[in-house]
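Enquirer: Build me a structure from this.
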Amino acid sequence: MQRNLAQSLFEHGQVRTTLAKAKDLRPFAERLITLAKKSRQGSITARRRIHRLLSERSLVPAEHREAYELMSDVKRRRTLRAPSGRRHRTGEARGKLSFTGQSITYRLINEVAARFEDRPGGYTRVIRLPERRIGDHGALALVQLVGEETGPGSVTRPKKTARRKRSDARYAAAIKASKSMAGRAGSGAAAEAAPTPQTPPEAEPEAPAAEESGEA
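Expert: Numbering: from 1, shown residues only. Presented below is the predicted three-dimensional model:
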C-alpha cells in the first residue's frame, strides 16, 4: 500500500487518500526523497535501497497517454520495455517509437529529488479535506509534494451528495409539517380558552318620580 501510494505521489505530485493512510505515507515518501538526494550525490547503496523499497513502475508521459490508450498490447509492451526485457528509463523516443515509458525511480531521482536539492526536509504536506468517504464515512486527506501549485480546491463547504440532499429534503418536510400541526393545535386551544361574549342584562325601567303635590 505504501509503495503504490508513493509511486502515485511521485507520478502526479499529489494523491488523495484517507487521513490514516496519508499520515502513514508521509514519512515513507520523505525517506525515499532523502535516499534519492543521496543517490544524486553518487551513493550506490541509496539507489539500491530505493529499488528495494519503491520497486518499479513504468510511467507514460501525460502528453502521450491518449496515443498509448489506442495502441495494441504488442505496441504497449514495446513502448514500456526494451527488446532485452528491461524497462525504458528516461521516456525518450527510441527507434521507430515516438515515446517510451519512464521509470518511476528515474523520475524520483532526477526530477523530484532535484527540486529539493537545497531543502533539508519537509518535502510533503498533508491537507485534511472536508469531504468524507462514502460507505464508512472515513476522513479524507490530500498528500502533496511541497511546491505544487495545484490547490486542494474549496475547503469551506463540501458539495452535498444525493443522499444528503434527500435527507435534508425529508428533514425540512418534517419540520414544516410539525410546525403546521403545532399552529393548528395552538389556534384550536386559543379558541377554546377565549371567553364567550355575554349580552349585558337589560336595564330595568326606572319608577316614575312622585309628583309633587301642590297642596301646602
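Enquirer: what does stretch 45-56 rub up against?
Expert: Residues from elsewhere that reach stretch 45-56 (Cβ atoms under 8 Å, 6 or more residues apart in numbering): 3, 6-7, 28, 31-32, 35-36, 38-39, 87, 103-105, 108-109. For every residue, glycine as well, the C-beta is placed using N, CA and C.
Enquirer: Any stretches of this protein with poor pLDDT?
Expert: Residue ranges of the chain with pLDDT under 70: 148-159, 186, 188-216.
Enquirer: Which helix runs longest in it?
Expert: Assignment by DSSP state H gives helix 162-193 as the longest helix of the chain.
Enquirer: elements contacting it?
Expert: Packed against helix 162-193, as judged by 3 or more Cβ pairs under 8 Å, 6 or more residues apart in numbering; DSSP states H and E, are no other helices or strands.
Enquirer: in the single longest strand found in the chain, what's buried?
Expert: Criterion DSSP state E: the longest strand present in the chain is strand 124-132. Neighbour counts over strand 124-132 (16 or more other Cβ atoms under 10 Å) mark 124, 127, 129 as buried.
Enquirer: Using JSON lines, lay out the residues you listed together with distance to residue 176.
Expert: Below are those laid out as JSON lines (distance: Cβ to Cβ, whole Å):
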{"residue": "124", "distance to residue 176": "49"}
{"residue": "127", "distance to residue 176": "39"}
{"residue": "129", "distance to residue 176": "33"}
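Enquirer: Spell out, range by range, the strands that occur in this structure.
Expert: Using DSSP E, strands in the chain cover 14-18, 58-59, 102-103, 124-132, 139-145.
Enquirer: who wins for proximity to residue 168 among the ones you listed?
Expert: Judged by Cβ to Cβ, the one of the strands of the chain that comes nearest to residue 168 is strand 124-132, at 15.8 Å.
Enquirer: distance between that closest one and the chain's centre?
Expert: Chain-centre distance of strand 124-132: 7 Å, with Cα atoms, centre = their mean, to the nearest Å.
Enquirer: Tell me what angle that strand forms with strand 139-145.
Expert: Between the axis of strand 124-132 and that of strand 139-145 there is an angle of 150 degrees, by axes from the mean of the first three to the mean of the last three Cα atoms, to 10 degrees.
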